[in-house]
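S.K.: Predicted model and sequence below, questions to follow.
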Amino acid sequence: MTALTWRPARCWCPSLLQIFRFPVAQVHVGRPTMRASQQDFENAMNQVKLLKEDPGNQVKLKLYALYKQATDGPCNVPKPGVFDLVNKAKWEAWNALGSLPKETARQNYVDLVSSLSPSSQASSQGKHGADEKTQESKNIVVTSEDGITKIVFNRPAKKNAITFQMYQDIILALKSASTDNSAITVFTGTGDYYCSGNDLTNFTSAPNGMEEAARKGAVLLREFVNSFIDFPKPLVAVVNGPAVGISVTLLGLFDAVYASDTATFHTPFSQLGQTSEACSSYTFPKIMGPAKATEMLLFGKKLTAREAWAQGLVSEVFPESTFEKEVWTRLKAYAKLPPNSMRISKELIRKNEKEKLYAVNAEECTILQAKWLSEECVNAIMNFVSRKSKL
Ligand SMILES: CCCCCCCCCCCCC/C=C/C(=O)SCCNC(=O)CCNC(=O)[C@H](O)C(C)(C)COP(=O)(O)OP(=O)(O)OC[C@H]1O[C@@H](n2cnc3c(N)ncnc32)[C@H](O)[C@@H]1OP(=O)(O)O
């Protein structure tokens, strides 16, 4: 891809983007900030002018696109001619953001700029080899090679149950993967489970009281699910074993789901005194019809991999004996496809649903925040936590 000209001393303004020869930089996006204010945005624009090193083509296009989306909203200008490479690249980057809300674009701009600051780069330098781990957490392991960023649930002793920290690590991993130089992103699990869902002991640590824990949990869950709604690249689940709860409902926001024939899909929300999340109250009826969605989300029916495939939740089922080999061979081939075409086609599909998905996620989190404080939920959690002591 042609390089873009970088003039750190000059005022950073998208119209000054020229052509120059720099390798594409991998960007470690900093921990997500809360909603960015106009002042944060203006500070970030000034911070860009002070950058001493060229951040690479992809980052510059990302900055340009987020700046335009935050100031002008969705792309509203005609596409430049095929030979106008720089302006066409800028147009495509901006257009790929679709109907991303201005305030989200502003926040993402601030997050991206903050990750380019020297302190953030110092903490990430020297750690990101082509096939090395690109994330610190031991329970979420991120590697990147062959054009694939792999995000692994890595807590096999607890069936890959998701802790508070793991939610935050996944948000960070998706932000980083959205701007790295991989073509697709894949989730999978270590051990015999894909993921057993929310760590139910998350409910037992409420140092500032249950109401505060529930409020914080709802904020975390909403941001977590939004990071899947917003993810711009092809997102694939390699379901290597049983999947429970939120690891199942999130599949409705994935672009492809490949399952071993040992995988099962279980959403025991009613049994836990809880309700559906990750937009599944909208995506599951759309995917499998209301009757099948009810059996899963209300009645907690556990599906085999073949049943999940028949209901449209799973793209393809593979024999356990050949699962890993077949799936990774296929994904490495897919990762060689033109990334911009895949990204833009995904945006064409997703942009029609984004606003609806944001709204569904917000409503589900509000209802869950109340459910977590209900007697039904508290009793169910206590039963789980004390079940082994009753044996
Ligand atoms: C006050 C409000 C607080 C709010 C907090 C908010 C948090 C942030 C957002 C939350 C998002 C909510 C939306 C998500 C919903 C869900 O995901 S609901 C589904 C939750 N998961 C489950 O209900 C599964 C529970 N686990 C099991 O049923 C069984 O463990 C199993 C998965 C069927 C496996 O059984 P088995 O093969 O018999 O192995 P076990 O011995 O049971 O498990 C091995 C060890 O792993 C531990 N473990 C497994 N799953 C979980 C889990 N989900 N949470 C915590 N721990 C889990 C299990 O306890 C064993 O541990 P040890 O006993 O120490 O060996």
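M.R.: Perfect, I can see it now.
S.K.: chain center to stretch 67-87: distance?
M.R.: 25 Å (CA atoms, centre = their mean, to the nearest Å).
S.K.: which element follows the lowest-mean-pLDDT helix or strand in the chain toward the C-terminus?
M.R.: Sorted by mean pLDDT, DSSP states H and E, the helices and strands of the chain end with helix 118-124, the least confident at a mean of 44. Tracing the chain past helix 118-124, the next element assigned as helix or strand by DSSP states H and E is strand 140-145.
S.K.: which secondary structure elements does the helix or strand just after that following strand contact?
M.R.: Using DSSP H and E, the helix or strand that follows strand 140-145 towards the C-terminus is strand 148-153. Judged by 3 or more CB pairs under 8 Å, 6 or more residues apart in numbering; DSSP states H and E, the packing partners of strand 148-153 are strand 140-145, helix 164-179, strand 184-189. The way it works is simple: take the backbone N, C-alpha and C, and place the C-beta from them, glycine included.
S.K.: hmm, who's touching strand 148-153?
M.R.: Here strand 148-153 makes contact (CB atoms under 8 Å, 6 or more residues apart in numbering) with 134, 139-144, 160, 162, 166, 170, 173-174, 176-177, 180, 182-190, 193-195, 247, 331-332, 335.
S.K.: And the residues you listed, which of them are buried?
M.R.: Buried members of the contacts of strand 148-153, scored by 16 or more other CB atoms under 10 Å, are 134, 139-144, 160, 162, 166, 170, 173-174, 176-177, 180, 182-190, 193-195, 247, 331, 335.
S.K.: Tell me who's in contact with the residue of the chain found nearest the ligand.
M.R.: Nearest residue of the chain to the ligand (CB to the nearest ligand atom) works out as G245 at 2.2 Å. For G245, the contact set (CB under 8 Å, 6+ apart) comprises 196-198, 266-269.
S.K.: Top of these by number of neighbours, please.
M.R.: Neighbour counts for those (other CB atoms under 10 Å) peak at T267, which has 31 neighbours.
S.K.: how many other residues sit next to E212?
M.R.: Look at E212: counted by other CB under 10 Å, it has 11 neighbours.
S.K.: Tabulate the helices and strands packed on strand 148-153 in CSV, adding columns for mean pLDDT and distance to A70.
M.R.: Shown next, in CSV, are the helices and strands packed on strand 148-153 (pLDDT from 0 to 100; distance: least, CB to CB, whole Å):
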stretch, mean pLDDT, distance to A70
strand 140-145, 97, 27
helix 164-179, 97, 16
strand 184-189, 98, 24
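S.K.: closest one to I381 among those?
M.R.: Set against I381 and scored by CB to CB, the helices and strands packed on strand 148-153 come closest in helix 164-179, at 15.1 Å.
S.K.: Report the angle between that closest one and strand 184-189.
M.R.: Orientation check (axes from the mean of the first three to the mean of the last three CA atoms, to 10 degrees): helix 164-179 against strand 184-189 gives 160 degrees.
S.K.: pull the CA atoms of helix 164-179 into PDB?
M.R.: Output in PDB follows, covering the C-alpha atoms of helix 164-179 (Å, rounded to 0.1, in the frame of the first residue of the first chain):
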ATOM      1  CA  PHE A 164     -13.800  -9.100  35.400                       C
ATOM      2  CA  GLN A 165     -10.200  -8.700  34.200                       C
ATOM      3  CA  MET A 166     -10.800 -11.000  31.200                       C
ATOM      4  CA  TYR A 167     -13.700  -8.800  30.100                       C
ATOM      5  CA  GLN A 168     -11.400  -5.800  30.100                       C
ATOM      6  CA  ASP A 169      -8.600  -7.700  28.400                       C
ATOM      7  CA  ILE A 170     -10.900  -8.800  25.600                       C
ATOM      8  CA  ILE A 171     -12.100  -5.100  25.100                       C
ATOM      9  CA  LEU A 172      -8.400  -4.100  24.900                       C
ATOM     10  CA  ALA A 173      -7.600  -7.100  22.600                       C
ATOM     11  CA  LEU A 174     -10.400  -6.200  20.200                       C
ATOM     12  CA  LYS A 175      -9.400  -2.500  20.100                       C
ATOM     13  CA  SER A 176      -5.900  -3.500  19.300                       C
ATOM     14  CA  ALA A 177      -6.900  -6.100  16.700                       C
ATOM     15  CA  SER A 178      -9.200  -3.600  14.900                       C
ATOM     16  CA  THR A 179      -6.100  -1.600  13.900                       C
END
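S.K.: Low-confidence ranges, the stretch 101-250 of the chain, go.
M.R.: The model of the stretch 101-250 of the chain has pLDDT under 70 over residues 117-137.
S.K.: circling back to that earlier point, restricted to strands, list the contacts of G245.
M.R.: Taking DSSP state E, the ones among those that sit in strands are H266.
S.K.: export the contacts of G245 to a markdown table and tack on distance to the ligand?
M.R.: Below are the contacts of G245 laid out as a markdown table (distance: CB to the nearest ligand atom, whole Å):
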| residue | distance to the ligand |
| --- | --- |
| S196 | 4 |
| G197 | 3 |
| N198 | 4 |
| H266 | 8 |
| T267 | 7 |
| P268 | 6 |
| F269 | 6 |
